[in-house]
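Novice: Let's see this in three dimensions:
(chains A and B)
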Amino acid sequence: MSLAATVIAERDAPPARPATQRRRWSWLGLVPFFLFCALFLGVPLAFLAIGSFLDPAGNATLQNYADLSDARILAAFRNSIEISLVTAIVGGLFGFALAGAVILGGLPRFLRSTLMTFSGVASNFAGIPLALAFTFTLGQLGMVTVILKDFGIDIWANGFNLYSKLGLELVYLFFQFPLMVLIMAPAIDGLRPEWREAAENMGATRRQYWRRVALPILTPTLLGSMILLFGNSFGAQATAYQLTGGQIPLVPLVIGNQISGDVLHNAGLGYAIAMGGVGIMAISIIAYSVLQRRAERWMR
Amino acid sequence: MTVGGPAIGPRAPGALESVASSTATTRRPRRRFGSPWAWVVFIIGVTYFIVPLIATFEFSMRKKPAFSAYSDALTNPGFWSSLGYSFIVGVITVVLSIALIVPTAYWVRLRVPRLRPLVELVTLLPFVIPPVVLVFGLIRAYSRPPLPFTYTDIGSTALLVFAYIVLSLPYMYRSIDAGLRAMDIRTLTEAAQSLGAGWFTIIVKIILPNLRVALLSGAFLSLAIVIGEFTVAAYLVRPAFGPFLNLLGGSRSYEAAAVSLISFGLTWLAMIAISIVGRGSRTRITLAGAR
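Specialist: As a prediction, this is how the structure comes out:
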């Protein structure tokens, strides 16, 4: 649309008409975006969704969703949910404590900016290199394992296994709590000094201020961020793949195996698992946005 | 700086700090070295951050002579070819996603605000879809006619780029939209139009330069993520950096340790670039992909 043309059109026509005409066609500007999203987000998702309702012969069925109750698949969902819950809660609480320590604990100022940069790096340092780093730390030949052995503590002989659920949780925490630090820091910053002063003027102790004022304000953000962490680890595939090689069934690993070859011998079941994963992510993101809206009340 | 820039600029955080510190001094005497529990938490956190990095370094040094793990890794032809491949894919991803999202976000703000909730919903969808599910759907949908992307190398690479654009949609859109909010696009657009500019000129010469901070931080973040990404690249069988490191981890541990550290360094560089670019602006990006 050339400018000269529109200018002339506006000059000649009655003022109301070009405006409505413009509005009628202005959605066309969004066509490339929606076309792209339809092709590379909508179509793949629709493919999985429709496939999950088809049996191998191509007839409509709900059997695939019923088959999710198969022991192996159930175990994968249970493991994924358990690991995500543990790392969300532990990572969330520790990330909160760490952000609080740096912002409110009176530590030197430069430590705060260092921590924030480091959190940015660590929350994005995941996948293969992260899993490798932990293998070199706590693996059978890892530095910490070897050092502890020199002190007479053989963690592997005493039941520790890096390639287990506990190991995965330890590794996931490396990107979980820095993310929590990044999310919580602005919220803790948002606690206004006036609120504390008001509480102190009315004779509140430090503990009372935290229990009655600060924590209630921060709770929606805290819970919301933990839900975000849950989703963050639920979708993680590369780290677990590198670390455990698929020994522990997790939802993303089962889906991955299903991509490489139809290991379940039922394509529809694979699609149903994928949809189950999407469903859990959707629930957590919706819960997050609800809590986020509550949290924003105090963020003015 | 650019037209819309200083308005959001350095004032806000600075103002907050000065308020905080002035009240802090009147409220109660500030402890000089901070409270002990803060130090305990901080030291635990830092230890948890640092030890795996030290251990990785220590492991890479077990190969004799010293630093030979690094020189072997750097002379491994697979290292450069995969890193180069991932870098090029990352750059293409960034350029295409800017070309797609900037006009869209601009148009939504200027002309079709009523479609805004729909556009925002679509940009949030990738949060809900784990990368492994996205690549699952893409492979199943596009490894057959009418659009057999995976039949050819170039098609698979295109699919990889599209998948990365999708995965970066949430934070790219939010970052760009926040950048647009900070400037008066209506006035800028009308001013440009009254000087005879067309839509292309407006977007390239007015909007893009004003979005510099948002675009650069989004670009560095995308690059950091795309370069280390494994899941999508591996299932599309692309010669990317993530699958290369996975292979190395299985066969040559010392070099894998060296490359892991290098990859950590690259992520660090990207984050430092973001903090330099974004200094004084309130644009914050936190969540990303590639787990």
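
Novice: Can you dump the C-alpha atoms of the helix or strand harbouring A:Pro220 in PDB for me?
Specialist: According to DSSP states H and E, A:Pro220 maps onto helix A:215-234. Only the C-alpha atoms of helix A:215-234 are listed here, as PDB (Å, rounded to 0.1, in the frame of the first residue of the first chain):
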ATOM      1  CA  LEU A 215       4.900 -13.500  52.600                       C
ATOM      2  CA  PRO A 216       1.200 -13.100  51.800                       C
ATOM      3  CA  ILE A 217       2.200 -10.500  49.200                       C
ATOM      4  CA  LEU A 218       4.900 -12.800  47.700                       C
ATOM      5  CA  THR A 219       2.900 -16.100  48.000                       C
ATOM      6  CA  PRO A 220       1.200 -15.900  44.500                       C
ATOM      7  CA  THR A 221       4.500 -15.100  42.800                       C
ATOM      8  CA  LEU A 222       6.200 -17.800  44.800                       C
ATOM      9  CA  LEU A 223       3.600 -20.500  43.900                       C
ATOM     10  CA  GLY A 224       3.400 -19.300  40.300                       C
ATOM     11  CA  SER A 225       7.100 -19.500  39.900                       C
ATOM     12  CA  MET A 226       7.200 -22.900  41.300                       C
ATOM     13  CA  ILE A 227       4.600 -24.000  38.800                       C
ATOM     14  CA  LEU A 228       6.800 -22.500  36.100                       C
ATOM     15  CA  LEU A 229       9.700 -24.500  37.400                       C
ATOM     16  CA  PHE A 230       7.600 -27.600  37.400                       C
ATOM     17  CA  GLY A 231       6.800 -27.100  33.700                       C
ATOM     18  CA  ASN A 232      10.400 -26.300  33.000                       C
ATOM     19  CA  SER A 233      11.700 -29.600  34.300                       C
ATOM     20  CA  PHE A 234       8.700 -31.600  33.000                       C
END
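
Novice: Residue of the stretch 51-200 of chain A nearest chain B, please.
Specialist: For the stretch 51-200 of chain A and chain B, the shortest gap (C-beta to the nearest C-beta) falls at A:Gly105, measuring 2.4 Å. Bear in mind the C-beta positions are built from the backbone N, C-alpha and C, glycine included.

Novice: Tell me the gap between the helix holding A:Pro220 and the middle of its chain.
Specialist: For helix A:215-234, the separation from the chain centroid amounts to 10 Å (computed by C-alpha atoms, centre = their mean, to the nearest Å).

Novice: So which bits of it are buried?
Specialist: Neighbour counts using 16 or more other C-beta atoms under 10 Å in any protein chain shown place A:217-218, A:220-234 of helix A:215-234 among the buried residues.

Novice: how far away is B:Ile92 from chain A?
Specialist: B:Ile92 sits at a distance of 14 Å from chain A (criterion: C-beta to the nearest C-beta, to the nearest Å).

Novice: Next: B:Leu223.
Specialist: Distance, B:Leu223 to chain A, by C-beta to the nearest C-beta: 11 Å.

Novice: and if you look at B:Phe79?
Specialist: 13 Å.

Novice: which SSE is that residue in?
Specialist: Following DSSP H and E, one finds B:Phe79 within helix B:77-110.

Novice: helices and strands around that helix, which ones?
Specialist: In terms of contacts (3 or more C-beta pairs under 8 Å, 6 or more residues apart in numbering or on different chains; DSSP states H and E), helix B:77-110 is packed against helix A:31-37, helix B:116-128, helix B:153-181, helix B:185-194, helix B:212-228, helix B:241-251.

Novice: repeat that for 6 Å
Specialist: Contact partners of helix B:77-110 among helices and strands, from 3 or more C-beta pairs under 6 Å, 6 or more residues apart in numbering or on different chains; DSSP states H and E: helix B:153-181, helix B:212-228, helix B:241-251.

Novice: buried set for that helix?
Specialist: By 16+ other C-beta under 10 Å, the buried positions in helix B:77-110 come out as B:78-79, B:82-83, B:85-87, B:89-90, B:92-94, B:97-98, B:100-110.

Novice: quick one, which of the helices and strands packed on helix B:77-110 is packed in tightest?
Specialist: Greatest average neighbour count among the helices and strands packed on helix B:77-110 goes to helix B:212-228 (a mean of 24), per mean count of other C-beta atoms under 10 Å in any protein chain shown.

Novice: after it, next one along is what?
Specialist: Moving toward the C-terminus from helix B:212-228, the next element (DSSP H and E) is helix B:231-235.

Novice: circling back: need the contact partners of the helix holding A:Pro220.
Specialist: For helix A:215-234, contacts defined as C-beta atoms under 6 Å, 6 or more residues apart in numbering or on different chains pick out A:80, A:84, A:87-88, A:91-92, A:172, A:176, A:180, A:183, A:187, A:281, A:284, A:287-288, A:291-292, A:294-295, A:298.

Novice: Report the mean confidence score over it.
Specialist: Helix A:215-234 comes out with an average pLDDT of 90.
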